[in-house]
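# coords please:
(one chain, ligands or ions: 2)
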Amino acid sequence: MDLVNHLEGRLLFAVPKKGRLLQASLNLLEGADIQFRRENRLDIALVKNLPIALVFLPAADIPTFVGEGRVDLGITGLDQVQEHDAGVREGARVRRMSGAVSPDQIAKPQGCETVMELGFGACRLQVQVPAKGEYVEGKDLIGKNIGTSFVHLAQEYFARLELAQDGLTNGDRVVVDGRKLRTKIIELSGSVEAACALGVADGIVDLVESGETMKAAGLKAIDTVVDSSAILIKSKAPSNPAMVDLIASRIGGVITAQKYVLCQYNVARARLAEATRVTPGKRAPTITSLEEEGWVAVSAMVEKKRIAPVMDELTKVGATDILVLDIHNTRSS
Ligand SMILES: Nc1ncnc2c1ncn2[C@@H]1O[C@H](COP(=O)(O)OP(=O)(O)OP(=O)(O)O)[C@@H](O)[C@H]1O
Ligand SMILES: O=P(O)(O)OC[C@H]1O[C@H](OP(=O)(O)OP(=O)(O)O)[C@H](O)[C@@H]1O
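Ligands and ions are numbered 1, 2, ... in the order given. As a prediction, this is how the structure comes out:
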């Protein structure tokens, strides 16, 4: 089947085609009951039960497709969105400098909007230097060689440091536009952590999650450029806003289900106020009377990461038969 000719009338939803965000993105789609079969080697998949087509793209390209309005929705990292936006700012700056257009003639890029954080893919884009070297803060790297895949964010980071060192501010556009960066940004597409040891760079700007890669490469972080995690983004003019809202609501439900558990217990009515202070629920706890006089059953959503201390507290206030249940899915307005 020629999939490209079957996209008419379908909302286009970009999903990372590989890498760190792929599996968690597929889990979200499954939780949201977005059913599809991806043919071998094809980067487009039609959704069987909704008027949607999934487009599998590199995470780094998704902000471009969504920002230009070619794709309606996308999952990518905040770091990638910020890198894309910094690139758009750089493009506008170069066009201004060339004198071809005045600032108000430059069409504003559409850009994309963040719909929600997705609760996975947490990492930090950090400035890293040899652990045993002489650099201790970002400004020590001014005028040096920096290896990175995030060239636009790195350029902006060092441009800011250079301006501060020269006593200038971003506000003075003429001065800012006319300046050449003294720090040399070297674009690398992967294994950036090897650049210092191999003498290509004095420092790098790269992602860190556990810190294992950085440690193994003999590096240490001296500053953070972006605190990132996976986000759902949408174009500013989606083809079907109602479908965007439906998908956002389904994905929001899955994320809430992953984050919370349902805690149920029995407690004497006399101690109900103390118990519900421990489990106030998302909106309010559900309370039902028990057949046994003076006792009630309580049911409330509790954040998964807090459940152990919550159970300890409930035991202290005399709650009994405490049960913790996984939530498969949720929906709230
Ligand atoms: N170590 C990490 N831990 C958590 N999230 C990460 C990590 N590395 C990257 N990410 C997130 O995943 C996104 C995609 O990175 P990833 O390296 O998986 O991409 P990729 O498409 O495979 O690209 P590449 O081929 O350049 O490695 C990053 O932009 C970031 O948001
Ligand atoms: O702090 P850590 O948990 O060790 O993770 C950080 C590493 O993960 C990413 O690379 P990835 O493994 O995606 O490969 P790449 O170097 O080819 O981009 C990033 O570029 C770091 O190298």
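
# can you map out the helices along the stretch 151-300 of the chain?
Along the stretch 151-300 of the chain, counting by DSSP state H, counting those that start in this stretch, helices occupy 151-165, 173-178, 194-197, 212-216, 241-259, 272-278.

# Any idea which of these gets closest to residue 226?
helix 151-165 (6.7 Å; CB to CB). C-betas here are computed from N, CA, C, even on glycine.

# Check whether that closest one comes near ligand 2.
No - residues of helix 151-165 are not located near ligand 2 by CB under 6 Å from any ligand atom, the shortest gap being 13.6 Å.

# Can you tell me what sits against that helix?
79, 82-84, 86-87, 89-90, 125, 127, 138-139, 141-142, 146, 148, 169-170, 176, 179, 181-183, 185, 187, 205, 223, 225-226 (CB atoms under 8 Å, 6 or more residues apart in numbering).

# What subset of these is buried?
Buried subset of the contacts of helix 151-165 (neighbour count, 16 or more other CB atoms under 10 Å): 79, 82-84, 86-87, 125, 127, 138-139, 141-142, 146, 148, 183, 185, 205, 223, 225-226.

# Please go through the residues you listed and note which also touch ligand 2.
Applying CB under 6 Å from any ligand atom to those, none is adjacent to ligand 2.

# Go through the residues you listed and flag which are in helices.
Secondary structure of those is defined by DSSP state H; positions in helices are 79, 82-84, 86-87.

# ok so, going back, let me know which of the helices of the stretch 151-300 of the chain is the nearest to ligand 1.
helix 212-216 (7.3 Å; CB to the nearest ligand atom).

# Would you tell me whether that closest one gets close to ligand 2?
Yes - judged by CB under 6 Å from any ligand atom, helix 212-216 comes into contact with ligand 2 at 212-214.

# Residue 18: neighbouring residues, count only.
Neighbour count of residue 18, defined by other CB atoms under 10 Å: 10.

# how close does it get to residue 224?
Going from residue 18 to residue 224 by CB to CB, to the nearest Å gives 26 Å.

# now do residue 79
11 Å.

# Please name the bridge partners of the residue nearest the centre of the chain.
Nearest to the geometric centre of the chain sits residue 230, at 2.4 Å (CA atoms, centre = their mean). Beta bridges link residue 230 to residue 77, judged by DSSP bridges.

# Next: the one 4 residues further on.
Listed beta-bridge partners, residue 234: residue 73, residue 113 (assigned using DSSP bridges).

# one step back: in JSON lines: the helices of the stretch 151-300 of the chain, plus distance to ligand 1 and mean pLDDT.
Formatted as JSON lines, the helices of the stretch 151-300 of the chain follow (distance: least, CB to the nearest ligand atom, whole Å; pLDDT from 0 to 100):
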{"stretch": "helix 151-165", "distance to ligand 1": "11", "mean pLDDT": "94"}
{"stretch": "helix 173-178", "distance to ligand 1": "28", "mean pLDDT": "64"}
{"stretch": "helix 194-197", "distance to ligand 1": "14", "mean pLDDT": "95"}
{"stretch": "helix 212-216", "distance to ligand 1": "7", "mean pLDDT": "96"}
{"stretch": "helix 241-259", "distance to ligand 1": "17", "mean pLDDT": "94"}
{"stretch": "helix 272-278", "distance to ligand 1": "33", "mean pLDDT": "97"}
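
# quick one, what contacts the closest residue to residue 289 other than its chain neighbours?
Once flanking residues are discounted, residue 289 sits nearest to residue 296: 5.9 Å by CB to CB, 6 or more residues apart in numbering. Residue 296 makes contacts with 266-267, 269, 272, 287-290, as judged by CB under 8 Å, 6+ apart.
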